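# sequence-free structure coming up:
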Ligand SMILES: Nc1nc2c(ncn2[C@@H]2O[C@H](COP(=O)(O)OP(=O)(O)OP(=O)(O)O)[C@@H](O)[C@H]2O)c(=O)[nH]1
Ligand SMILES: [Zn+2]
């Protein structure tokens, strides 16, 4: 193999390029393909003869708008196993090989944007946030650096995180995708897998060059996708209000000279998917006694077999990738997120709960159920009798 991979090597060239493209033939050293789930649309585009499968990407002018790293975490053994820390620098680090015609592609892209968000506009008009003309501009725009990250799994490292053997992990991935990736079991010499799983987007506020410095204060919200609430404002959960509260906190941290970070993971419905989530909503709202906080998690388990499939063990990787060792403000009440960060060696200084007045009435069920299940709350959880009294709307009232 021309490009053997040494996962935790200190430089991109010593680590080796991840080659996961079908037209790179014998040079391919990774299982799967770029694009996460979009690989299937690529296949459709090829089969519809709309895309030439041999075409090489033109990466001219696509480089990151700001450098990210390298940070020491990138080569600390076992620190990062679910993304390629060198994935945004491919065009630069492997320019020679790409010029030779080897199809090596970035798995990370770094760009800039301005966000316009109604909740931020009202935070400004209520005086909670001020327009500073730099981070929060007039017209309520927030300047941000945004980063798209595809999953790149180092299988030995992932197996270690879940405390199983690599062999068992490979076999289960092979079987549960109905044999979609035979190399998982036939090519133990390929340690890396690009799964057809959702990506992560990071929105960063403030001076990105301050990352990796211990004096830089960090505000963080890690948010898992909830399309119904995040985009459509559905009132059964607290997702969008907590997200916008996190954005407000992240922008405020940037204004105070720190860096604010939102990590948005495509893990819809606790990574069980939206169909499962909507089935659960019906089961919750049609049960005898109505949609009760006391049975909130049991209903998800009835339908899906588990309460949550997000597995926050892999979540801290992106925080390590950004060179962060301490989070000063963590906008989350989730014990799973908190414990995952702390277990991976990140200090969490302050946990910031969602303010009470941002919780929609119907989402009280979720909020009290989560607190009863161990989510962080300054005022503690309700006792059993009060928990039984928290009941949401029925399915017919919607
Ligand atoms: N299966 C299922 N998923 C839900 C339900 N309500 C919300 N979700 C999902 O739960 C996830 C909520 O994630 P986050 O907003 O990141 O936060 P969290 O883990 O609840 O904890 P916080 O950080 O305290 O908000 C999203 O993936 C939602 O789509 C539900 O009733 N059933
Ligand atoms: Zn939600």
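Sure, I can see it. Because the structure is a prediction, the values reported are computed rather than measured. Ligands and ions are numbered 1, 2, ... in the order given.
# tell me the centre residue of this protein?
By CA atoms, centre = their mean, the chain has its centre lying nearest to residue 265, at 2.6 Å.
# report the beta-bridge partners for that one.
residue 200, residue 224 (DSSP bridges).
# ok, it - contacts?
Residue 265 makes contacts with 198, 200, 222-225, 310, 315, as judged by CB atoms under 8 Å, 6 or more residues apart in numbering. Any C-beta I mention is one placed from the backbone N, CA and C, and that applies to glycine too.
# ok, and the most crowded of these?
residue 222 (26 neighbours; other CB atoms under 10 Å).
# quick one: secondary structure of that one?
With DSSP: H, G, I helix; E, B strand; the rest coil as the basis, residue 222 sits in strand.
# do the same with residue 212
Taking three-state DSSP, the label given to residue 212 is coil.
# just residue 77 next, same as before
Applying three-state DSSP: residue 77 is coil.
# distance of it relative to residue 154?
11 Å (CB to CB, to the nearest Å).
# and these two? Which one has more around it.
residue 154 (24 against 10).
# all strands for the stretch 51-200 of the chain, in order.
108-116, 136-137, 141-149, 153-154, 192-194, 200-205 (DSSP state E, counting those that start in this stretch).
# kindly apply the preceding question to the stretch 251-398 of the chain instead.
Going by DSSP E, counting those that start in this stretch, the stretch 251-398 of the chain shows strands at 259-265, 326-330, 347-351.
# count of neighbours near residue 279?
18.
# what score does the nearest residue to it once chain neighbours are set aside have for pLDDT?
In this structure, residue 279 finds its nearest non-sequential neighbour in residue 303, 5.1 Å apart by CB to CB, 6 or more residues apart in numbering. On pLDDT, residue 303 comes in at 91.
# the chain should start at 690 in everything you say after this.
New numbering, starting at 690: the last item is residue 992.
# could you check how far residue 746 is from residue 964?
34 Å.
# whoops, I mixed them up, residue 896
Applying CB to CB to residue 896 and residue 964 gives a distance of 42 Å.
# now do residue 898
43 Å.
# cool, residue 702 as well?
44 Å.
# from ligand 1, how far out is residue 1077?
As judged by CB to the nearest ligand atom, to the nearest Å, residue 1077 and ligand 1 stand 18 Å apart.
# is the residue lying closest to residue 870 once chain neighbours are set aside in a helix, a strand, or coil?
Leaving aside its sequence neighbours, residue 870 sits nearest to residue 720 (CB to CB, 6+ apart; 5.5 Å). Judged by three-state DSSP, the three-state class of residue 720 is strand.
# mean confidence score for stretch 810-827?
Averaged over stretch 810-827, pLDDT sits at 92.
# so which bits of that stretch are buried?
In terms of neighbour count (16 or more other CB atoms under 10 Å), stretch 810-827 has its buried residues at 812-813, 818, 820, 824-825.
# try stretch 1025-1038
In stretch 1025-1038, counting by 16+ other CB under 10 Å, buried: 1025-1027, 1029-1030, 1033, 1035, 1037.
# with stretch 953-962 instead?
Applying 16+ other CB under 10 Å to stretch 953-962 flags 953-961 as buried.
# which of those residues sits closest to residue 807?
Closest to residue 807 out of those is residue 953 (18.0 Å), distances taken as CB to CB.
# grab the nearest non-local neighbour of the closest one.
Nearest one to residue 953, counting by CB to CB, 6+ apart, is residue 890 at 4.6 Å.
# report pLDDT for that neighbour.
98.
# could you give the number of residues near it?
By other CB under 10 Å, neighbour count at residue 890 equals 17.
# who are the contact partners of it?
835-838, 952-953.
# wait, what's in contact with residue 752?
Residue 752 sits in contact with 780-781, where contact means CB under 8 Å, 6+ apart.
# how about 10 Å then?
By CB atoms under 10 Å, 6 or more residues apart in numbering, the residues touching residue 752 are 777-781, 795, 798-799.
# report the buried members of the residues you listed.
777-780, 795, 798-799.
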